[in-house]
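Participant: Sequence first, predicted coordinates after that:
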Amino acid sequence: MAITLLIFILALLLLLASAKFLTNSAEMIGSYLKLPPFVIGIFIVGIGTSLPELISGLFSVNRGISEILAGNLMGANISNILLVTGLAVVLNKKKIILSSNYIYVDLHFLIGSFVYFCIIAFDGNIMFHEAFTGFIIFIIYSIYLIRGDALLNKTRVSSDSPFPFKYLALFIASCVGIYFGADYTITSLVKIAAALNISNAIIALTLLSLGTTLPELAVNISAIRRGKAEMALGNVLGSCIFNTLVIPPLTSALGVIEVPASLVSFSLPVMAACGLLFYLLTQDKTISVWEGLMFICLYILFIIKIAVQ
């Protein structure tokens, strides 16, 4: 058991570190290609922080233990909204003012993505033909953001400096690290669940989801230190939207995703309520430290409730 837990921790660290290096190298390549900062921020950084959920989800569905994916997605979204947002506001030590119009675009698509996920997951199974709708919604979301961004210009490859082959090699190495990190993470997670006589879904809902939200937390802490607290919230929203809209269709292409009844009856409504609460609290364009503390308390209550089930 101790060895399995150690393998899980090391594999998760490898997965998270590889995702970070992949995102950093992709950013450098994107900058060399003169991609607009907006595109780099939304698609490279936003998707990069969600890679742990995506890759671990592909492994779990491929191995016939898709309930791990369902638990991880719900747990990651709940962790992002309650824990990561709460810590972001508390660490900022003052209220966060939402001035960007894009935040409100994200808020509307967040609610829409959660409604979509509740619809496809409510019957206990997520199949590709119904999950594919989420991919279409994400494309609409992406086009809407890109068309509204004034920084989007025609890109050209820079000829002033040599191509960053070092970052290309780092990108490839990171992909290999993500593969093996996800492989051993899922394998050890199943062994831990069996040893503790706990379902795979519950372990994924708590232990795995908390681990895979570490990239968002790291990015948010970095943004807060640079005085960009609003960017931190944008990362949370973008990650939740990607998790909910894109990961189900990509993973369900490998097989049907099982959503256990315990998740449908409790975790799914909690995730939906978190999205609605976040939406309502941000209507005054601010999130106070007190509201951040409330988010953290709600997350602790959620974990306690899961633990005593």
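Facilitator: Okay, I see it. Residues are numbered from 1 along each chain as shown.
Participant: Just want to check the distance between F165 and L22.
Facilitator: Going from F165 to L22 by Cβ to Cβ, to the nearest Å gives 16 Å. Yep, even glycine has a C-beta here, placed from its N, CA and C like the rest.
Participant: which of those two has more neighbours?
Facilitator: Ranked by neighbour count (other Cβ atoms under 10 Å), F165 and L22 place L22 first, with 22 against 9.
Participant: so the more buried one sits right up against S174, yeah?
Facilitator: Yes - contact status for L22 versus S174: in contact at 3.6 Å, counting by Cβ atoms under 8 Å.
Participant: give me the element the closest residue to L73 other than its chain neighbours is part of.
Facilitator: With Cβ to Cβ, 6 or more residues apart in numbering as the criterion, L73 has its nearest non-adjacent residue at 5.6 Å, and that residue is N243. Element membership of N243, judged by DSSP states H and E, is helix 229-245.
Participant: which other residues reach the following helix or strand past that helix?
Facilitator: As assigned by DSSP H and E, the chain's next helix or strand after helix 229-245 is helix 247-252. The contact list for helix 247-252, computed with Cβ atoms under 8 Å, 6 or more residues apart in numbering, reads 50, 53-54, 57-58, 60-61, 66, 69, 73, 117, 120, 126-128, 131-135, 257.
Participant: of those, buried ones?
Facilitator: Buried residues within the contacts of helix 247-252, defined by neighbour count using 16 or more other Cβ atoms under 10 Å: 50, 53-54, 57-58, 60-61, 66, 69, 73, 117, 120, 126, 128, 131-132, 134-135, 257.
Participant: Mind checking which of the residues you listed are in strands?
Facilitator: Using DSSP state E, 126, 257 are the members of the buried ones among the contacts of helix 247-252 that sit in strands.
Participant: quick revisit: can I get the helix holding N243 in CSV? Just the C-alpha atoms.
Facilitator: What follows is helix 229-245, C-alpha atoms only, in CSV (Å, rounded to 0.1, in the frame of the first residue of the first chain):
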residue,chain,number,x,y,z
ALA,A,229,-5.7,38.3,-10.1
GLU,A,230,-8.4,38.6,-12.7
MET,A,231,-6.4,36.5,-15.1
ALA,A,232,-6.4,33.8,-12.4
LEU,A,233,-10.2,33.6,-12.4
GLY,A,234,-10.2,33.5,-16.2
ASN,A,235,-7.9,30.5,-16.0
VAL,A,236,-10.3,28.8,-13.6
LEU,A,237,-13.3,29.4,-15.9
GLY,A,238,-11.5,28.4,-19.0
SER,A,239,-10.3,25.2,-17.4
CYS,A,240,-13.8,24.2,-16.2
ILE,A,241,-15.2,25.0,-19.7
PHE,A,242,-12.6,22.8,-21.4
ASN,A,243,-13.0,20.0,-18.9
THR,A,244,-16.7,19.9,-19.3
LEU,A,245,-17.1,20.5,-23.1
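Participant: Okay, buried residues for that helix please.
Facilitator: Within helix 229-245, the residues that qualify as buried are 229-245, counting by 16+ other Cβ under 10 Å.
Participant: and it, average pLDDT?
Facilitator: Mean per-residue pLDDT for helix 229-245: 81.
Participant: same deal with stretch 257-277?
Facilitator: Taken as a whole, stretch 257-277 has an average pLDDT of 94.
Participant: Give me the contacts around that stretch.
Facilitator: Contacts for stretch 257-277 (Cβ under 8 Å, 6+ apart): 61, 66-67, 69-71, 74-75, 77-78, 81-82, 110-111, 114-115, 117-118, 121-122, 124-127, 131, 199, 201-202, 205, 240, 248, 251, 298, 302, 305-306, 309.
Participant: Give me the buried entries from these.
Facilitator: Neighbour counting over the contacts of stretch 257-277 (16+ other Cβ under 10 Å) leaves 61, 66-67, 69-71, 74-75, 77-78, 81-82, 110, 114, 117-118, 121, 126, 131, 199, 201-202, 205, 240, 248, 251, 298, 302, 306 as the buried ones.
Participant: returning to what we had before: check which helices and strands the helix holding N243 is in contact with.
Facilitator: helix 46-48, helix 67-78, helix 85-92, strand 96-97, helix 101-121, helix 128-147, helix 214-225 (3 or more Cβ pairs under 8 Å, 6 or more residues apart in numbering; DSSP states H and E).
Participant: Any chance of a markdown table for the ones you listed, columns mean pLDDT and distance to W290?
Facilitator: Listed next are these as a markdown table, based on pLDDT from 0 to 100; distance: least, Cβ to Cβ, whole Å:
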| stretch | mean pLDDT | distance to W290 |
| --- | --- | --- |
| helix 46-48 | 69 | 28 |
| helix 67-78 | 91 | 20 |
| helix 85-92 | 88 | 9 |
| strand 96-97 | 82 | 12 |
| helix 101-121 | 87 | 20 |
| helix 128-147 | 87 | 31 |
| helix 214-225 | 73 | 17 |
